[in-house]
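K.L.:
Structure for this input, please:
(chains A, B, C and D)
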There are 4 protein chains.
Amino acid sequence: MTQIKNAAILGVSGYTGAEAVRLLLSHPQIKIKALTAQRRAGRALPDLYPQFSGFDLPDVTTWQDVDWDEINVVFVALPHGASQDIVGQVAGEVETVIDLSADFRLRDPDLYMRTYGRPHTQQDLLSKAVYGLTEYARDDLRDARIVACPGCYPTCSLLSLLPAVKADMLELDSLIIDAKSGATGAGRKASDGLIYSQLTDGAHAYDIGHHRHGPEIDQMLTSVSGQDVTVSFTPHLLPMSRGMITTTYANLKKGLDFQDLRAVYEPRYCHEPFIYLESPGVVPQTRHIRGTNQFRLGLFEDRVPGSVIITGVLDNLVKGSSGQAIQNYNLTQGWNETLGLAAVALFP
Amino acid sequence: MTQIKNAAILGVSGYTGAEAVRLLLSHPQIKIKALTAQRRAGRALPDLYPQFSGFDLPDVTTWQDVDWDEINVVFVALPHGASQDIVGQVAGEVETVIDLSADFRLRDPDLYMRTYGRPHTQQDLLSKAVYGLTEYARDDLRDARIVACPGCYPTCSLLSLLPAVKADMLELDSLIIDAKSGATGAGRKASDGLIYSQLTDGAHAYDIGHHRHGPEIDQMLTSVSGQDVTVSFTPHLLPMSRGMITTTYANLKKGLDFQDLRAVYEPRYCHEPFIYLESPGVVPQTRHIRGTNQFRLGLFEDRVPGSVIITGVLDNLVKGSSGQAIQNYNLTQGWNETLGLAAVALFP
Amino acid sequence: MTQIKNAAILGVSGYTGAEAVRLLLSHPQIKIKALTAQRRAGRALPDLYPQFSGFDLPDVTTWQDVDWDEINVVFVALPHGASQDIVGQVAGEVETVIDLSADFRLRDPDLYMRTYGRPHTQQDLLSKAVYGLTEYARDDLRDARIVACPGCYPTCSLLSLLPAVKADMLELDSLIIDAKSGATGAGRKASDGLIYSQLTDGAHAYDIGHHRHGPEIDQMLTSVSGQDVTVSFTPHLLPMSRGMITTTYANLKKGLDFQDLRAVYEPRYCHEPFIYLESPGVVPQTRHIRGTNQFRLGLFEDRVPGSVIITGVLDNLVKGSSGQAIQNYNLTQGWNETLGLAAVALFP
Amino acid sequence: MTQIKNAAILGVSGYTGAEAVRLLLSHPQIKIKALTAQRRAGRALPDLYPQFSGFDLPDVTTWQDVDWDEINVVFVALPHGASQDIVGQVAGEVETVIDLSADFRLRDPDLYMRTYGRPHTQQDLLSKAVYGLTEYARDDLRDARIVACPGCYPTCSLLSLLPAVKADMLELDSLIIDAKSGATGAGRKASDGLIYSQLTDGAHAYDIGHHRHGPEIDQMLTSVSGQDVTVSFTPHLLPMSRGMITTTYANLKKGLDFQDLRAVYEPRYCHEPFIYLESPGVVPQTRHIRGTNQFRLGLFEDRVPGSVIITGVLDNLVKGSSGQAIQNYNLTQGWNETLGLAAVALFP
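P.N.:
Down below sits the predicted model:
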């Protein structure tokens, strides 16, 4: 029988940390042994998140107080910046680090510096990290010791684009990603702009032209295509809790048509356990993947000749964060990657 | 090893039917063998509810086309009226009928007639049905062949009140239940009053003084107390999808105080797998039980001397309907009643 | 022609202050001359509230920097505590003080101390303040120099109850007010509990048994009835921005029936410009008074004999705060009380 | 003194009809004389829309029962198809027809046929209709007798694009409009897909590649540019009641840069009473124009060199429909175009 692995979750006061707890509680091979949150140490988790009342979970501690001897894997759900410093200290103590922050996603420390406004302090670890866009990283994930889980927007954007980009079907200077996210994407911050009455019943774009996920998307597309790619990327904040859409616009290369596109996506995704390509004409909706690790996408011919539209949806806290993190860890262990992730969406 | 039981779910186009599918997909002892919806027969379930894409489920048929020989249990998620007629026809074909409608809840056919405006056509079956308020019906559920699952409001109200009423602590003519429900409680009906723009960002009471769940609550309280009870019961519709609160006001009998109340509830509920009594001062919230079979309640001393306030919350589609139905079926089979119902709430 | 009055609004960074600006911009007799917010002084109002772009408004200053010589009336939209201190300093500078805070609502300084946890420092002014529940204070409002505008919950509760209490129709020890409010009632505070993802798609009670509006309701009912009244009062927070419901339960005095109740309310409210008694059987909804100064109510016979249910709705930021404040000021000036308050609700 | 004009509103059971009533009630020069809704004839308007209780309004009739002799202007808020037939019958009875439907927007009857799937029966009237995108139609609106009010998406898209297109700044084959709308855009239809629980807490694209507003946008851009323009246009449905965003992506022509764009928009829009160009870096939000006739837009440099992003917001029921209709009528009468449209947004 497979051995149980013990997990620590760092940063459990935030939404991605709490979501990792929710998902791991139903994972048959992982036991949660430690939960940390520096400013909430000493509390029981249900004091922060009442939904965990009645479940068997350790109290919250500082990360310094974790008994690292008993931990096999650490899920790091800390803000960027904080993450790299702590990963630098605990990486040697555990078999596997699954980092949900942005700190190990960009391969180039200079790009990290320009994007996140601070130097990268763990360049040695950075060079070893695997970028865990699961469906495109399975070989590297096997036996990976540090996994950088992609951002929510890059996950949604790249899963939408990669089959076509890999098949060299798109004009790479034509890529426009119009993204929309629910409010949990902004985390659990007590800021004026996030309070209920400021966000409900309205919508707006933000970080136009300079969101930090732009370079992360470029990095992967550049790597896969061998060309220097800069995508247009514009996120919007919607009055909903979870869920993300990317609507991606692209021009097909000369000589290709829409049916060629479908012919590439169908075989690529038909056996993926968490990716669902909608039937022709069906538009995916965020609510139908709420709470799940699914990514659903639809392919559409634009009314502009030669252009296509790809609309992809995922739950930013699951496939866009903690779910993909667990899927990645499953693969590092040689397990079935769906372990702990089989739930049906909560709809309505 | 325990035998797998085969289930049919009737009325799968409605929300409680779909919720039964969602929950049963993770039940280790039940296999879904048939799904019915008269006007959607011939369709695949994901055509009605896209969240089920990729799950292994039978196509939708009419109930007449079900191969009853292979069905052990039928979950009936039909509207009242329709339910009794069909239960009358299929009850003989299966081991167990779990009815989620209102048709077998009221013991007295005359009361049914007055409340639902039509005669009861299955009085023989009615007399055999067990009223499945699980935590108060375990003895009767063992080997029950027809289970009438309580309404969502009665479940929330009765779980709030029964410990005190059984202990004869409350003035029974003082009971006021102010109830609030999300919109899924009204089902999936294309009616003008339920469309998004009519319901969002506002709230209102409805059916004041004459909601059909009033007599159902009375029936149980009368039975338990031996006195004729008529509760004040007023439901409200809130701009949320799932979730229900009952805020119950009651006067303590002379000589009792608030601590006596807590002393009765704590031992009664501390070992219940799905009932969670909040610590003193903590108010339960619907969002913390979203998608789960939990009922959470808080006990409060009112500012009016001698009065108490009990606030209970549940998910109307789970503990208020399909979850309690499965919990009941588990008990009829002598299984652990938590099978298939262990999920953490989806929050945020 | 009537003289234009110049207004200062103190505390314009909060929702009630901003709402006063919105309403006063359409008032034909009032010109906004000063806006204050201590931490936002020097900013233009649209920096805080973009909806005011393009309207002719003064920049935000501190209250110390207001040129009081040119101000006739000050609308004080400050937190309790802060309000009384500043009112103490500016009351002598202006003709009229309209206070929207809680500071001048409770007549008894000791009750204020017990309720708000700090001594009242302006007892002299307190003794002169008129409690501005408009429809019951018109005589006192004429020529009033300090008006204490009622809380949102007391406005909704008292307009629901006063006709019956004045007519001595209700058992005063039976009054139960179950109240529900949208999130703007909690103000514009960057607190963890108010962020979008914590509040959406769920509901809960709060401050059970000890909300500060309880004593304010008691004070008026005690004054009107001549008896010591303590109401049961329980507020709930709903996932909506504006709007409030109070569902009030009461027992009729012996010998009275439901029709007697209607016979008292109809003549009392039929000529009120902002109060609308629904036709028999019609339930008022918060969304139909969104953005207006209306209070709508419905009277219902309970299923419990001898009991009645009164459901009232208002917009907490208008009739529950800034709208009633303007209505009150109109009366102090001998103007038509509807000036500036005639808008239709924004629905849907 | 200006003469009062009498208005009839046809189709008052729908949201745009009701919104026209709301706005006209505060218009100083227009009196509402007739309201029609074929299936609600004989009812009082508050039976359909309770927010109108207490306002002085005629009862609902059929359009055949309107006394056309006393009507000066008819606002037609009927579905496309129905509108043209009735306009054909009443156009001769009134001075001015303001049509809010799609029936008179497309100049080419063949394009109408292809887009709306039925022949145009009023081609004579069609040839006389003025396309009322107000800020670009003032000359034609003066003395216009039939005004076709633009669709909500075309209004938002064209106000975003026209200054640049008129100045020949954009590559016309690069225009991509990603649009997002609240649910009132779909009208008040009791359809399964619009019910609250199907729409809340989620989002999705719809009509990808074939929404009917695409050809309407093309028509104007083609007319203005003298080139054949086909835009990419993709609408999304958001969980909010009112409000619309268009995020428009375009490539600048060679030799132009972002500052050139700003230099064109600023003088064009700085004197427009209802158009507000945000300061550099500020993103407009739908909630800040809720209930108003404003259009707000922001100009942004994309991270892709040579590309720009224009984000525009409006209230689909006001500037996107009934508000622009009134603005247009004001101009046909030579009145100040802001009459009846001066309100501040209802926020929060």
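K.L.:
For the top helix by length along chain A, name the packing helices and strands.
P.N.:
Determined from DSSP state H, the single longest helix within chain A is helix A:152-166. When contacts are defined as 3 or more C-beta pairs under 8 Å, 6 or more residues apart in numbering or on different chains; DSSP states H and E, helix A:152-166 sits against strand A:176-181, helix A:213-225, strand A:232-237, strand A:244-251, helix A:258-269, strand A:295-301, strand A:307-314. C-beta coordinates here come from the backbone N, C-alpha and C atoms, glycine included.
K.L.:
Can you list the buried residues in it?
P.N.:
Within helix A:152-166, the residues that count as buried by 16 or more other C-beta atoms under 10 Å in any protein chain shown are A:152-165.
K.L.:
next one: stretch A:322-334
P.N.:
Across stretch A:322-334, burial judged by 16+ other C-beta under 10 Å covers A:322, A:323, A:324, A:325, A:326, A:327, A:328, A:329, A:330, A:331, A:332, A:333.
K.L.:
Then stretch A:111-119?
P.N.:
Within stretch A:111-119, judged by 16+ other C-beta under 10 Å, the buried ones are A:111, A:112, A:115, A:116.
K.L.:
Nearest residue to residue A:66 in space, please, no chain neighbours.
P.N.:
residue A:34 (4.4 Å; C-beta to C-beta, 6 or more residues apart in numbering or on different chains).
K.L.:
nearest to residue C:50, of the helices and strands packed on helix A:152-166?
P.N.:
For the helices and strands packed on helix A:152-166, proximity to residue C:50 was assessed by C-beta to C-beta; strand A:232-237 is nearest, at 15.0 Å.
K.L.:
hmm, that closest one touching chain D?
P.N.:
Yes - for strand A:232-237, a contact with chain D is found by C-beta under 8 Å from any C-beta of the partner chain, at A:232, A:233, A:234, A:236.
K.L.:
What is the neighbour count of the third one?
P.N.:
Okay, so that is residue A:234. Per other C-beta atoms under 10 Å in any protein chain shown, the neighbour tally for residue A:234 reads 24.
K.L.:
domain parsing for chain A?
P.N.:
Listed domain ranges for chain A are A:5-128, A:153-316 (source: automatic domain parsing).
K.L.:
Determine how far the longest one lies from the middle of the whole chain.
P.N.:
Spelled out, it's domain A:153-316. Centroid displacement of domain A:153-316 relative to its chain, using C-alpha atoms, centre = their mean, to the nearest Å, is 13 Å.
K.L.:
Let me know the helix or strand that the closest residue to residue A:102 other than its chain neighbours is in.
P.N.:
The shortest distance from residue A:102 to any non-neighbouring residue, by C-beta to C-beta, 6+ apart, is to residue A:80 (4.0 Å). For residue A:80, there is no host helix or strand (DSSP states H and E).
K.L.:
Tell me the one of the residues of strand A:232-237 next to chain D nearest chain B?
P.N.:
The nearest member of those to chain B, counting by C-beta to the nearest C-beta, is residue A:236 at 18.9 Å.
K.L.:
Identify the bridge partners of the closest one.
P.N.:
residue A:180, residue A:205 (DSSP bridges).
K.L.:
wouldn't it be in contact with residue D:245 here?
P.N.:
Yes - Residue A:236 is within contact range of residue D:245, at 7.1 Å (criterion: C-beta atoms under 8 Å).
K.L.:
For chain C, what's the nearest residue on the stretch 201-348 of chain A?
P.N.:
Here the residue of the stretch 201-348 of chain A nearest chain C is residue A:241; by C-beta to the nearest C-beta that distance is 5.0 Å.
K.L.:
Let me know the secondary structure of the residue nearest to residue A:119 when sequence neighbours are not counted.
P.N.:
Nearest non-adjacent residue to residue A:119, counting by C-beta to C-beta, 6+ apart: residue A:113, 5.4 Å away. Assigned by DSSP: H, G, I helix; E, B strand; the rest coil, the conformation of residue A:113 is helix.
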